[in-house]
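Asks: Here is a sequence with its predicted model. Questions after.
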Amino acid sequence: MGKIVDKIDVLAGRTTTSGMRGRKLRVFITVTATIGFSLFGYDQGLMSGLLNGDQFKKEFPPADGDSTIQGAITACYELGCFFGAIFALLRGDYFGRKPLMLAGSIIIIIGTVISTAAIRPYWQTGQFVIGRVVTGVGNGLNTATIPVWQSEMSRAENRGKLVNIEGAVVALGTCIAYWIDFGFSYINSSVQWRFPTAFQIVFAGLFFIGLTNLPESPRWLIAHHRRAEAHEVLGYLNDLPPDDDAIIAEGTTIIDAVNRFADAQTGFKDLLTGGKTQHFQRMLIGSSSQFFQQFTGCNAAIYYSTLLFYQTIFDYSKYRLSLILGGVFATIYALATLPSFFLIDTVGRRKLFFIGAIGQGCSMIISFACLVDPTTDNAKGAAVGIYLFIVFFAFTILPLPWIYPPEVNPLRTRTTASAVSTCTNWLCNFAVVMFTPKFIERSNWGTYLFFACFNFLFVPVIFFFYPETAGRSLEEIDIIFAKAHVEGRQPWRVAATLPKLSLQEIEAEGNSLGLYDDDFEKDNFETKEDISDSTSNNGNGANGGMFEKNSAEEDNTAAGSEEASNKV
């Protein structure tokens, strides 16, 4: 894969914006990034409507009625995403953001062609699976890199909005896939499954074309000693000449951040430390949100909602009605992401976690209770339960596990903790997508009871271990965990009683707790104070979400911090 990216680097190395500058350029960057994430959502919804289509079963006989094969065909995509994301995390800083995304687009197109071209009797099922894995690798590269690139090209005050936009377009991509599957279900030829599969090329092609007209991240350029190009890009982004004083000042700030973090690389062993910094506990908290996101049943519903309607509610009848209900499900999913734009910061992370887990658990209980005694009326109630589940998920547990881990993990281990979080997400995603068809086949109502139990199990984990981070600067969160360790209290209790702190109060608390005995942490804090003055507590800190960092946190990105690379 490295050789592919090296060759693409020649194309990506050109600094071009096709004449766009300032706001117009930033809008085009956002549009291009959302196309990339729409493709991820499209892939999530693609297989739900294909698996039980008559033409798909005709072309791939091993998948006809075999839930294990159905699960493997669907879940192999997650393994590809896992390996692509890991490659991006380990080698992304070396190759650069733009080459990695261009490579991801090309790999997606190659994988799509492999899958679409599968023909009987030439090992067609194996070819389709290989294509899905290859497509997953490309999507893993993109979903791990797009948020980093986009955040490094955006203003700090906009980054909180970006995480919700990306979550919304994932749901939109899923919605498009469901309705395309439904529309092509009326075609009695292999086009029924080939066109929806091939349609991935449209997203990947548009994303590739958009990228060729956009520049590399200025922070990555500075980190790799290409300062003239970086100042040129900063000039384009701010609609100023590259030698303008504001551009020079911004470039100097990034250079200082790069130099400050050059000798502060950390490994996975740093995640195992306890003490005042509580690296291990904080990594577990962040990763647990990804674990529970998957085992609350979200991707079982998203990947297989048509299958759930077809097998558990309609008892293998009314396939086209199942497709319609699946399309309605995906439409509700897309619309239900909208409240998160307003609730993430006003309600807070902890309360939204509670609302999501309890609401999802109750929704699953409704479906479970209705299917214990299967009747026509009860089947309608079970469908309502599935719809309620996706509504609660869309505005709570969909965005929160991407916002929370970067906030709760300290700067020193944020990149490595993100790698663990990414591994957790994709491996759990694979497990859920793999076993769900078999689970549905063996026990209609048991599937819903299983996921309901995990939702309710999540509630005490939230209560005892998740501190509120909304409205807190990232430095305050360090103080919360250090204070909890020294005083022998739970972090959530400290967060509930600790008032908002100014930078001076944070420094005083940190010194009294011995938090800044580490020269790296102390130097980092002092530099933040010099740069950001009092912006940490004015809404650009932790309460801004994964991308809405304070101005000092924006500088930390220059060192290649990939906390945003978990986005899914």
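Replies: Sure thing, it's come through. For clarity, every value in this text was computed on a predicted model and none was experimentally measured.
Asks: burial measure for residue 380, as a count.
Replies: Residue 380 has 11 neighbours, counted by other Cβ atoms under 10 Å. Every residue, glycine included, has its C-beta placed from N, CA and C.
Asks: quick one: contacts for it?
Replies: Contacts for residue 380 (Cβ atoms under 8 Å, 6 or more residues apart in numbering) come out as residue 370.
Asks: those helices in the stretch 51-200 of the chain, which residues are they?
Replies: Ranges of helices within the stretch 51-200 of the chain are 54-59, 67-95, 97-116, 124-152, 159-184, 191-198, 200-212, based on DSSP state H, counting those that start in this stretch.
Asks: will you turn these into JSON lines that also has distance to residue 46, mean neighbour count and mean pLDDT?
Replies: Output for those, formatted as JSON lines (distance: least, Cβ to Cβ, whole Å; neighbours: other Cβ atoms under 10 Å; pLDDT from 0 to 100):
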{"stretch": "helix 54-59", "distance to residue 46": "11", "mean neighbour count": "18", "mean pLDDT": "90"}
{"stretch": "helix 67-95", "distance to residue 46": "9", "mean neighbour count": "22", "mean pLDDT": "88"}
{"stretch": "helix 97-116", "distance to residue 46": "10", "mean neighbour count": "24", "mean pLDDT": "95"}
{"stretch": "helix 124-152", "distance to residue 46": "9", "mean neighbour count": "25", "mean pLDDT": "90"}
{"stretch": "helix 159-184", "distance to residue 46": "5", "mean neighbour count": "23", "mean pLDDT": "85"}
{"stretch": "helix 191-198", "distance to residue 46": "6", "mean neighbour count": "21", "mean pLDDT": "95"}
{"stretch": "helix 200-212", "distance to residue 46": "8", "mean neighbour count": "19", "mean pLDDT": "95"}
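Asks: closest to residue 376 out of those?
Replies: Nearest of these to residue 376, taken as Cβ to Cβ: helix 159-184 at 22.5 Å.
Asks: one step back: can you lay out the helices of the stretch 51-200 of the chain as a markdown table showing distance to residue 417?
Replies: Listed next are the helices of the stretch 51-200 of the chain as a markdown table, based on distance: least, Cβ to Cβ, whole Å:
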| stretch | distance to residue 417 |
| --- | --- |
| helix 54-59 | 40 |
| helix 67-95 | 11 |
| helix 97-116 | 20 |
| helix 124-152 | 14 |
| helix 159-184 | 17 |
| helix 191-198 | 36 |
| helix 200-212 | 28 |
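Asks: right, and the ones you listed - which one's nearest residue 469?
Replies: Closest to residue 469 of the helices of the stretch 51-200 of the chain is helix 159-184 (Cβ to Cβ; 12.5 Å).
Asks: Relative to the whole chain's centre, how far out is that closest one?
Replies: Put simply, helix 159-184 sits 13 Å off its chain's centre (Cα atoms, centre = their mean, to the nearest Å).
Asks: now stretch 396-409
Replies: 9 Å.
Asks: Point out where this structure drops to low pLDDT.
Replies: Applying pLDDT under 70 to the chain flags the ranges 1-15, 156-160, 163, 257-258, 260-268, 314-317, 415, 516-568.
Asks: if we can go back for a sec, so which of the helices of the stretch 51-200 of the chain comes closest to residue 480?
Replies: Of all the helices of the stretch 51-200 of the chain, helix 159-184 comes closest under Cβ to Cβ, at 20.3 Å.
Asks: quick one, the closest one and helix 191-198 angle?
Replies: Counting by axes from the mean of the first three to the mean of the last three Cα atoms, to 10 degrees, helix 159-184 lies at 160 degrees to helix 191-198.
Asks: circling back: who wins for proximity to residue 303 among the helices of the stretch 51-200 of the chain?
Replies: Here helix 67-95 is closest among the helices of the stretch 51-200 of the chain (Cβ to Cβ), at 6.0 Å.
Asks: The closest one packs against which elements?
Replies: Helices and strands touching helix 67-95, by 3 or more Cβ pairs under 8 Å, 6 or more residues apart in numbering; DSSP states H and E, are helix 2-12, helix 22-50, helix 97-116, helix 124-152, helix 298-307, helix 414-442.
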